[in-house]
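Novice: the following comprises the amino acid sequence and a computationally predicted model.
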Number of protein chains: 4
Amino acid sequence: MKARRSSTVVRKLPRQARAQATVGAILEATVQILDREGLEAATMSHIAEVAGVSVGSIYQYFSHRDAILNALQDREFERSLRLMQELLADGNLTQSARETVTAVVRGLAELYRSCPGLHRVLAIEGLRVAKADRVHAFDLRIIEIVRHFLVATSAPMRPKSVDAAAFVVVQSVRATMLACLLERPSGLDEETLIQEVVDLVLRYLVRQESPENAREAARDAEGAMPRLVK
Amino acid sequence: MKARRSSTVVRKLPRQARAQATVGAILEATVQILDREGLEAATMSHIAEVAGVSVGSIYQYFSHRDAILNALQDREFERSLRLMQELLADGNLTQSARETVTAVVRGLAELYRSCPGLHRVLAIEGLRVAKADRVHAFDLRIIEIVRHFLVATSAPMRPKSVDAAAFVVVQSVRATMLACLLERPSGLDEETLIQEVVDLVLRYLVRQESPENAREAARDAEGAMPRLVK
Amino acid sequence: MKARRSSTVVRKLPRQARAQATVGAILEATVQILDREGLEAATMSHIAEVAGVSVGSIYQYFSHRDAILNALQDREFERSLRLMQELLADGNLTQSARETVTAVVRGLAELYRSCPGLHRVLAIEGLRVAKADRVHAFDLRIIEIVRHFLVATSAPMRPKSVDAAAFVVVQSVRATMLACLLERPSGLDEETLIQEVVDLVLRYLVRQESPENAREAARDAEGAMPRLVK
Amino acid sequence: MKARRSSTVVRKLPRQARAQATVGAILEATVQILDREGLEAATMSHIAEVAGVSVGSIYQYFSHRDAILNALQDREFERSLRLMQELLADGNLTQSARETVTAVVRGLAELYRSCPGLHRVLAIEGLRVAKADRVHAFDLRIIEIVRHFLVATSAPMRPKSVDAAAFVVVQSVRATMLACLLERPSGLDEETLIQEVVDLVLRYLVRQESPENAREAARDAEGAMPRLVK
DNA sequence: GATGAATGAGCGTTCATTCAT
DNA sequence: GATGAATGAACGCTCATTCAT
């Protein structure tokens, strides 16, 4: 009776131009709704209305409602992964650890800032049991990228367990930056928090040289990062 | 007279007691359902069934469904706050920072571990727009406690902005410990992660003395924490 | 997610008077709709409307739409079975075969005539693959009753295979009488067809004595059935 | 000229031929779907898919979905009619009644057996109110053929009302043979049931000569049909 | 003609909430 | 107060039909 629901996100590959436009309209409408009105406003009728298509058209491309959310989740997942892959690529190892970490944190912050409500919803979805596997798989990929960087960098790594370190860092950065955007803590601007998160990560990961004070003072004075690697 | 007055009293007291018991049953039923079956299983009928009361009775004590979830959220909020208030109270300032932070992280981990499914749901609820203010208020209280500790402790604090530090620390610890329970990252046991989170926090917050290496080696060798404060 | 759909027809046993009335109204409304408007008119909204209740109320007593149809099917199944059990009971063996068969055929005809449209729909339902087992089980019970009679009667049975005979007779009588009501074949009144069906069955089942002609002439003249059994 | 005329012709003929092929593909696809998956699987999209055409093309040849089912019904109707017309034609009157009836029953059984699922669906369709007239018309034609045979045959007919007899016989044979295929009654093979149905019909229709036993014994012994006609 | 993307009325079903008993 | 039957708006989803390409 009921057609099996594969985990496949897209029901039919849109081959015509109009079809492509429709799929795009559906995804954009959903992003807008999620970002502005939240998860429960994203009913099929509302999505259809905002997208300017009929409900039936949505089902031409997405087998069920969750498939739309999955598609968006995948899209953001890929964005995050691409960002980190680029910034943590082996070719960037000549940069200082601080430069690299700052770039990653800032990049994620920008990603979230572009549509905070969407990322709020995606965070919610990530907490639902039904989506656990998807999120877990994503986390593994992210952690693997971080792990690879931690192993490859010439900065002196402090933690004994690279796995644990990657896990802790990924969760901490994500949660803090997202909360920063969603809660807008009074008195704290985003830039300050980015710097704090970068500090959090660097101090946790990198074996500090002594004399510590001198180096930090230097940074503060110059506004530039001393190379942690030679 | 006496008898009547007595009967009046007991007739009144049991009513209140019964009301308390009913409210308790409703909350416990909801906790069980949320923890075991998730948010969508927590329908009014199901809660009533598990609590052993009628749906109508629930509305006697909770004006609408969300009020139950709010009550549970408040209860867990209070538990967290009480935990932190106790561990970060001024009376505990003589303990080492590592001891204190370890106690807090471990305490939160225990709180989450007692019913991870519930905290998963509460995290979800906390991300909903409608609950933003409630969560924000809670975060402010938590941060205030942390902030107070950071100011009061004799450990040499490194961050310039106590507000930012409290925010970063709270978000990081919460997210990492919850993710630890919900994702069960393979190869990482809870105790290891607790230690890593403690390291994350301490290294971020406390100005490290030199020579750093010696001190860390000492900790690893003794299995005990050297006092960071004098 | 989806609650398992047991084959149970009734979701909750109605214990209050109002509940009983509601269940009755739902069933009667469905019978009316099926009888007058056919299967596809029996939507949940329409049933609710005709029954004078809300859709939600239907789901209080029937887990899904098909459960209503199953309940009606069971009700008619039981009626047929009761009818045949009574007429073919061992206590009636002293009656002539013709008397017995006539009573059964006439009884079924009356059953169908009381709401032909309903039996039309039930016949449809009986042909749907999903209901095959239900109908098969019913047919087995009916055939068993007929079979028992064929073995017990003192009329001289002709067919070698009692099983086959029971099957053939049951299917033939049912189909002919139902078609009689639904097609209203011009020029044929119900009574004539009943007599023809009775003849069909008797001549098929009972070993005719010779001289045949004499006996048939006698029947025609007298309008009464000579005992086929001694 | 020649070529052009020829091309004109073939351009026209292929078009018609293609149309024929398309209609054929649609009908065959529908037959397959109905036979294997049932009525509800026969959606326009599914038919189009199996037929290898587009939904739009179906509407070129069939004004609406039901028209396809009607066409199939007509096709099967015609097959049944042709079968019976051939077997009951005046030219066959020299055969014994048993031979003729056996041929008809066996022919119908074969018709049904070639695609039982399709005939199940057609039986369902035949019971729908909207199709009543179509089925009635078909039944009238069938009955007319039977009636003509009953009048023309030299076998001694027993029933007084040829109309009633034709009706009874047609309904009984159809229902029993179809139920035989759809229910697969345990312990009864098709051949046995065919013989029983033939007996049912013959004993009902034909005035039996005495002594009955002798003749039946003879049939059983010889495995051949004694001529009922002279 | 042929295509298949688009349509949208209508379906079965759920569940927070109300209120007569 | 307690009950639980009744409510009905709203949901996700289907599919016969249309029509721009």
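Specialist: It's in. Numbering: from 1, shown residues only, chains lettered A, B, ... in the order given.

Novice: so which residues of chain A form helices?
Specialist: According to DSSP state H, chain A carries its helices in the segments A:17-37, A:44-51, A:55-61, A:65-87, A:97-114, A:116-127, A:132-152, A:162-183, A:190-205, A:212-222.

Novice: so is the first one next to DNA strand E?
Specialist: Right, helix A:17-37. Yes - applying Cβ under 7 Å from any atom of the strand, one finds that helix A:17-37 is in contact with DNA strand E at A:18-19, A:21-22. For every residue, glycine as well, the C-beta is placed using N, CA and C.

Novice: format the CA atom coordinates belonging to that helix as CSV.
Specialist: Output in CSV follows, covering the C-alpha atoms of helix A:17-37 (Å, rounded to 0.1, in the frame of the first residue of the first chain):
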residue,chain,number,x,y,z
ALA,A,17,14.5,23.9,-16.5
ARG,A,18,11.1,24.4,-15.0
ALA,A,19,11.6,21.5,-12.7
GLN,A,20,15.0,22.9,-11.5
ALA,A,21,13.3,26.2,-10.8
THR,A,22,10.5,24.4,-8.9
VAL,A,23,12.9,22.5,-6.7
GLY,A,24,14.9,25.6,-6.0
ALA,A,25,11.7,27.5,-5.1
ILE,A,26,10.7,24.8,-2.7
LEU,A,27,14.0,24.7,-1.0
GLU,A,28,14.3,28.5,-0.8
ALA,A,29,10.7,28.8,0.5
THR,A,30,11.5,26.2,3.2
VAL,A,31,14.6,28.0,4.2
GLN,A,32,12.7,31.3,4.5
ILE,A,33,9.9,29.7,6.6
LEU,A,34,12.3,27.8,8.9
ASP,A,35,14.4,30.9,9.3
ARG,A,36,11.6,33.3,10.0
GLU,A,37,8.8,31.2,11.5
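
Novice: is that helix positioned near chain D?
Specialist: No - judged by Cβ under 8 Å from any Cβ of the partner chain, helix A:17-37 stays clear of chain D, getting no closer than 15.1 Å.

Novice: quick one: buried residues of that helix?
Specialist: Buried residues in helix A:17-37, counted by 16 or more other Cβ atoms under 10 Å in any protein chain shown: A:22-23, A:25-27, A:29-35.

Novice: how close does the one residue sitting closest to the centre of chain A sit to residue A:149?
Specialist: The central residue of chain A, meaning the one whose C-alpha is nearest the mean C-alpha position (Cα atoms, centre = their mean), is residue A:80 at 4.3 Å. Applying Cβ to Cβ, to the nearest Å, the value for residue A:80 to residue A:149 is 14 Å.

Novice: same question, residue A:40
Specialist: 38 Å.

Novice: these two: which is more packed in?
Specialist: Taking other Cβ atoms under 10 Å in any protein chain shown, residue A:40 and residue A:149 do not tie; residue A:149 has more neighbours (25 against 13).

Novice: burial check on the nearest residue to the more buried one once chain neighbours are set aside, number of neighbours?
Specialist: The shortest distance from residue A:149 to any residue that is not its chain neighbour, by Cβ to Cβ, 6 or more residues apart in numbering or on different chains, is 4.0 Å, and that residue is residue A:88. Using other Cβ under 10 Å, residue A:88 is surrounded by 22 other residues.

Novice: my guess is residue A:88 contacts residue A:150, does it?
Specialist: No - with the criterion set as Cβ atoms under 8 Å, residue A:88 and residue A:150 do not qualify as a contacting pair; they are 9.2 Å apart.

Novice: name the nearest residue to residue A:44, ignoring sequence neighbours.
Specialist: The nearest residue in space to residue A:44 (Cβ to Cβ, 6+ apart) is residue A:55, at 5.2 Å.

Novice: what's around the one you found, how many residues?
Specialist: Neighbouring residues of residue A:55 were enumerated by other Cβ under 10 Å; the total is 14.

Novice: ok, it to DNA strand E distance?
Specialist: When Cβ to the nearest atom of the strand, to the nearest Å is applied, the distance between residue A:55 and DNA strand E equals 5 Å.

Novice: in contact with that residue, which residues?
Specialist: Counting by Cβ atoms under 8 Å, 6 or more residues apart in numbering or on different chains, residue A:55 touches A:44-45, A:48.

Novice: most neighbours among the residues you listed, which one?
Specialist: The member of these that has the most neighbours, counting by other Cβ under 10 Å, is residue A:48 with 19 neighbours.

Novice: residues touching that residue, list them.
Specialist: Contacts for residue A:48 (Cβ under 8 Å, 6+ apart) come out as A:29, A:54-55, A:57-58.

Novice: same deal with residue A:66?
Specialist: Going by Cβ under 8 Å, 6+ apart, residue A:66 touches residue A:130.

Novice: pLDDT below threshold where in chain A?
Specialist: Low-confidence regions of chain A, defined here as pLDDT under 70, cover residues A:1-17, A:209-230.

Novice: contact residues of it facing DNA strand F?
Specialist: Contacts of chain A with DNA strand F, taken as Cβ under 7 Å from any atom of the strand, map to A:2-3, A:42-46, A:55-56, A:59, A:63-66.

Novice: drop anything exposed from those residues.
Specialist: Buried residues within those, counting neighbours by 16+ other Cβ under 10 Å: A:42, A:46, A:59, A:63, A:66.
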